[in-house]
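Peer 1: Sequence unavailable; structure follows:
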């Protein structure tokens, strides 16, 4: 409908539909859409009047009235059309809000945990953001490739292996990951405080790259697998999966070759025994691509990574979901790629999400004071279980453990996503588990409430939707205020999904769902529903839109609470 309005107004003004900016007025008494023509004419009032008359001549079936306030044209949608969206939702079901397919392919690269390190709260925010972006872009019709690039070689691995060797390769049958974490902390401390240990760690690092030491290589392979199995457990828990896993160990050799070739061409230059990109020439900063020991850095590895990704999938765009502290890094990398692999120009994008900060300061795996992703999920799960026990008061919920687990994942993910991608977050557990505030559990509670109403009615939601057509015979028949508030929200969902895809903003979905849930709960508390097919259909449509929106956030719904 929004596109139809833009096209109709563009025909009147003889411009492109994309030039017409339509918004939903903050005060719904002004209408459902509004556009300002003040900047398009020396006489805005006359132009607004002209547009109003021409639009009325077009007899668009969904328009109830058009009013002019100053230079704003306000358009109100008729109730008959709004009510027809109930049947549309119940017919399209999980497809409601999705767009037709596109030929454009987008690779979203996210998660990025390094082996031999712990999966912390920052990774949890990363994977929550990436998973939602993937789903939203998929709903916008794009072909999606899910990629995960992980660091499995480098100095951090050498530090961990040094710690393991110093522990005399202690046999660990359980808690392997905690063991790796402790060894990394010990190795890092030794690297920073003991010159002899530092030299040994550098030697181990070289052996990993050269694969020259069978004992080190075997230890690396074994402990690397521990990490990968650990990560897979977390991916499964938060409903993520990947089409392609890339590893630094697979790209460092070719990356070094590409860097050396770029050196011959003068794109990279030598400096103090290293090979660097002279970023200062381009208003950036210089970065090392091959260090003085001859090892490729992240930058060189990323050259081969880009070559692999574009060669294997030919994406139109690659979105790298990486924290904002790497903004400078990506600016240099993209500039270097522009010169080394010109075909990548305009096809690389850094989605620089904000940090997760703690009250005691920024977490650091070097110091060992990280907040683990699994710990956070378990802590939230424990709190939600206690809340449910109080609310249920001795009653039973089928599949209680599954329900509590789903609520925990919803609580954590929603707390990240509602804030906006670019904002820094101080995670508040109490706020995340609330059944009353702007939280994941609140939205799941509202969904379960809708499903409970439908179950009690023993009416098929689809038939209720069909029967609802007789409830509003023409646009002059007016639903009550609470019903209308829901109707005037549901139809916006496809627009919200579209905008969320354009701006990579899962928070748009969060804001919409919270608004819809609030309006439904107000309606639920004021009106009897069970004996009205229209209200039952409205309830079923609300549930479906909530489910669709939560799915785009990577959140599973629960049928009962």
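Peer 2: Ah, there it is. If you're wondering where the values come from, they're calculated on a predicted model, not measured in any experiment.

Peer 1: Which elements pack onto the one helix or strand residue 55 maps to?
Peer 2: Here residue 55, judged by DSSP states H and E, is contained in helix 44-58. Helix 44-58 sits against helix 2-13, strand 63-69, strand 72-77, with contacts defined as 3 or more C-beta pairs under 8 Å, 6 or more residues apart in numbering; DSSP states H and E. Bear in mind the C-beta positions are built from the backbone N, C-alpha and C, glycine included.

Peer 1: how does this protein divide into domains?
Peer 2: Taking automatic domain parsing as the reference, the chain has its domains at 2-77, 110-248+314-357, 373-552.

Peer 1: could those domains go into CSV alongside mean pLDDT, distance to residue 303 and mean neighbour count?
Peer 2: Output for these, formatted as CSV (pLDDT from 0 to 100; distance: least, C-beta to C-beta, whole Å; neighbours: other C-beta atoms under 10 Å):
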stretch, mean pLDDT, distance to residue 303, mean neighbour count
domain 2-77, 88, 36, 15
domain 110-248+314-357, 94, 6, 19
domain 373-552, 88, 25, 19
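
Peer 1: follow-up on the earlier one: and the helices and strands packed on helix 44-58 as a markdown table, adding distance to residue 390?
Peer 2: Rendered in a markdown table, the data for the helices and strands packed on helix 44-58 read as follows (distance: least, C-beta to C-beta, whole Å):
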| stretch | distance to residue 390 |
| --- | --- |
| helix 2-13 | 44 |
| strand 63-69 | 47 |
| strand 72-77 | 43 |
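
Peer 1: The helix holding residue 55 to helix 2-13, inter-axis angle?
Peer 2: 120 degrees (axes from the mean of the first three to the mean of the last three C-alpha atoms, to 10 degrees).

Peer 1: circling back: so for residue 297, which of the domains of the chain sits nearest?
Peer 2: Between residue 297 and the domains of the chain, the shortest gap by C-beta to C-beta is with domain 110-248+314-357, which sits at 9.0 Å.

Peer 1: can you map out the strands along the stretch 301-450 of the chain?
Peer 2: In the stretch 301-450 of the chain, strands defined by DSSP state E, counting those that start in this stretch lie at 317-321, 348-351, 356-357, 425-426, listed in chain order.

Peer 1: could I get these as TSV with distance to residue 479?
Peer 2: What follows is the strands of the stretch 301-450 of the chain, written out as TSV (distance: least, C-beta to C-beta, whole Å):
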stretch	distance to residue 479
strand 317-321	41
strand 348-351	41
strand 356-357	43
strand 425-426	39
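
Peer 1: Let me know which of the ones you listed is the nearest to residue 126.
Peer 2: Go through these one by one with C-beta to C-beta and the one that ends up closest to residue 126 is strand 317-321, at 5.9 Å.

Peer 1: in its sheet, what does that closest one sit against?
Peer 2: Strands adjacent to strand 317-321 in the sheet, as given by DSSP bridges, are strand 105-109 (parallel), strand 348-351 (parallel).

Peer 1: okay, these in JSON lines with distance to residue 130 next?
Peer 2: Listed next are the strands paired with strand 317-321 as JSON lines, based on distance: least, C-beta to C-beta, whole Å:
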{"stretch": "strand 105-109", "distance to residue 130": "6"}
{"stretch": "strand 348-351", "distance to residue 130": "8"}
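
Peer 1: How much space separates residue 532 from residue 539?
Peer 2: Counting by C-beta to C-beta, to the nearest Å, the gap between residue 532 and residue 539 amounts to 10 Å.

Peer 1: Residue 419 too?
Peer 2: To residue 539, residue 419 is 30 Å away according to C-beta to C-beta.

Peer 1: Kindly report the same for residue 56.
Peer 2: As defined by C-beta to C-beta, residue 56 lies at a distance of 35 Å from residue 539.

Peer 1: Spatially, what comes nearest to residue 244 if we skip its sequence neighbours?
Peer 2: residue 147 (5.0 Å; C-beta to C-beta, 6 or more residues apart in numbering).

Peer 1: what's that neighbour in contact with, if anything?
Peer 2: Listed by C-beta atoms under 8 Å, 6 or more residues apart in numbering, the contact partners of residue 147 are 107-110, 242-246, 309, 318.

Peer 1: Please identify which pair of those residues lies farthest apart.
Peer 2: The largest distance within those, taken as C-beta to C-beta, falls between 245 and 318 and amounts to 15.3 Å.

Peer 1: mind checking how far the closest residue to residue 44 other than its chain neighbours is from residue 36?
Peer 2: Residue nearest to residue 44 in three dimensions, not counting chain neighbours: residue 71, with 3.8 Å by C-beta to C-beta, 6+ apart. For residue 71, the distance to residue 36 under the criterion C-beta to C-beta works out to 6 Å.
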